[in-house]
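Provided below are the primary sequence and the corresponding predicted coordinates.
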Amino acid sequence: MQVYFENIKIAIQAIKHNLLRSILTILIIAIGIMSLVGILTAIESIKGSISENFTSMGANTFTIKNYGMHIRIGKDGEKPKNYPPVKYRDAVSFKEKYEFPYKVSISSWVAGAATVKYENRKSDPNISVWGTDENYLFTSGYELTDGRNFSIDEIDFGRNVIIIGKEVKDKVFPNTSAVGKTITGGDLRFKVIGVLAEKGSAMGFGGDKTVLIPITYARQFFSRSNQSYTISVMCNKIEELDPAIGAGIAQFRNVRKLKPIQEDNFTIVKSDNLANMLIENIKYVTMAATLIGIITLIGAAIGLMNIMLVSVTERTKEIGIRKAMGATPYLIRDQFLTEAIVVCQLGGLVGIVLGVLIGNLTSSFIGGVFVIPWLWIFSGILLCIMVGIVAGIFPALQAAKLDPIESLRYE
């Protein structure tokens, strides 16, 4: 063990003696590790963001829709299934007859590029408008920071009231309360009754650019012939989700009057289904990123090997002196191999720190969460050891084979 510590000490002294070359070598390794750890850190951050956003509704929620949730990767990707639209009367019938005492909501997307205005201030033209009922806030995971939810009376009679997202409030009512004010959207006027709590916009799925209006009001002014509605059901506990889904399928089959031999013409989507599909498909990106990082490290290993060979040539006389003083070929080999590993580890540490910082910084631009990828950090350390061995073994063997007499004559 003492021999290894002595080799490390000699390696550090050699690094100090050839500081500029050592720094350049460390940077080569650092760039390779930074590329690998940085890309994989960003991917882990994106995965965490996806899970956080798509499970914000709660793991005990499911929805009934008319289209399948599939993400296509490449030409062989699975096409999404499209079924007949979920009509409003079907959704209402399901809500009234669903046998489980859970919260059931009905919602429908109305517009995706709307602008709301109050006096001389208006929002950006990227507001999503949703028609919802009194249970939508619960099933979708929203909370209110100000005001109140829709009342049953406002839903039944289609009142012109509105609940606005946090970003809309900050844009249109920057220094005052929005509740009680009347805003306009096109030719329509709405009374603000509530403000949604900030939900974030990570991965583009946030709710801060959203406004909600009563679904009955939306049907009066925004109804389309092919309009489809979404039914969401929130169970009390996650353990109740599967029985609730089974009952939901049976009930909606009855609503659509499907015969026992007929397949379902609707889709059940759990709150985390899309997140799981996105994460599943990200594995291809992870594989590609890992391959790119490994190729970068191979280039770094070649550069390190070249520099170590130059070092052996420059230190030929030193090697001769050590051998003349009794150093064995194995000791000389271990000395140069240890030096290559130490250089790799120093470069690896720099690369890991930069990779984690750059990876998280990159993911933060699209709303990713901050992560410390311990698996990839330890993997990076092991990779550095492997790169050091691979890049250093040949120069170390060359140094070990030098003839001490010829080495002492070397100038």
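Ah, there it is. Values in this document were obtained by computation on a predicted structure and should not be read as measured data.

Please make it C-alpha for all contacts and neighbour counts, starting now.
Fine.

Strands along the stretch 51-200 of the chain, start to end?
61-65, 103-114, 117-118, 121-122, 127-132, 144-147, 161-164, 182-185, 188-196 (DSSP state E, counting those that start in this stretch).

Low-confidence stretches in the stretch 251-400 of the chain?
Applying pLDDT under 70 to the stretch 251-400 of the chain flags residues 271-281, 366-369.

contacting residues for residue 391?
By Cα atoms under 8 Å, 6 or more residues apart in numbering, the residues touching residue 391 are 301-302, 304-305, 340.

how's the protein carved up into domains?
Here the domain assignment for the chain is 2-53+277-409, 61-271, based on automatic domain parsing.

Just say which of the ones you listed is most tucked in.
Highest mean neighbour count among those (mean count of other Cα atoms under 10 Å): domain 2-53+277-409, with a mean of 20.

From residue 93, how far out is the residue lying closest to residue 258 once chain neighbours are set aside?
Nearest-residue entry for residue 258: residue 264, 7.7 Å, with adjacent residues in sequence omitted and distances by Cα to Cα, 6 or more residues apart in numbering. Distance of residue 264 to residue 93, given as Cα to Cα, to the nearest Å: 17 Å.

swap in residue 138?
Taken as Cα to Cα, the span from residue 138 to residue 93 is 20 Å.

can you check residue 64 too?
Counting by Cα to Cα, the gap from residue 64 to residue 93 is 13 Å.

what's the answer for residue 221, then?
22 Å.

Now do the SS call for residue 264.
The three-state label given to residue 264 by DSSP: H, G, I helix; E, B strand; the rest coil is coil.

Can you report phi and psi for it?
Note on residue 264: its backbone torsions stand at phi -60, psi 140 [degrees, to the nearest 10].

And it, how far from residue 60?
22 Å.

ok, now residue 121?
40 Å.

and if you look at residue 198?
With Cα to Cα as the criterion, residue 198 and residue 60 are 22 Å apart.

now residue 284
Counting by Cα to Cα - residue 284 and residue 60 are separated by 29 Å.

Equivalent analysis for residue 357, please.
35 Å.

Look up which residues are beta-bridged to residue 121.
residue 118 (DSSP bridges).

That one and residue 67: what is the separation?
Counting by Cα to Cα, the separation of residue 121 from residue 67 is 38 Å.

Make CSV from the strands of the stretch 51-200 of the chain and add distance to residue 344 and mean pLDDT to it.
Shown next, in CSV, are the strands of the stretch 51-200 of the chain (distance: least, Cα to Cα, whole Å; pLDDT from 0 to 100):
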stretch, distance to residue 344, mean pLDDT
strand 61-65, 49, 89
strand 103-114, 52, 90
strand 117-118, 59, 91
strand 121-122, 56, 90
strand 127-132, 51, 93
strand 144-147, 52, 92
strand 161-164, 54, 95
strand 182-185, 61, 92
strand 188-196, 51, 94
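
Would you mind telling me which of the ones you listed is nearest residue 18?
Nearest to residue 18 among these is strand 127-132 (60.3 Å), distances taken as Cα to Cα.
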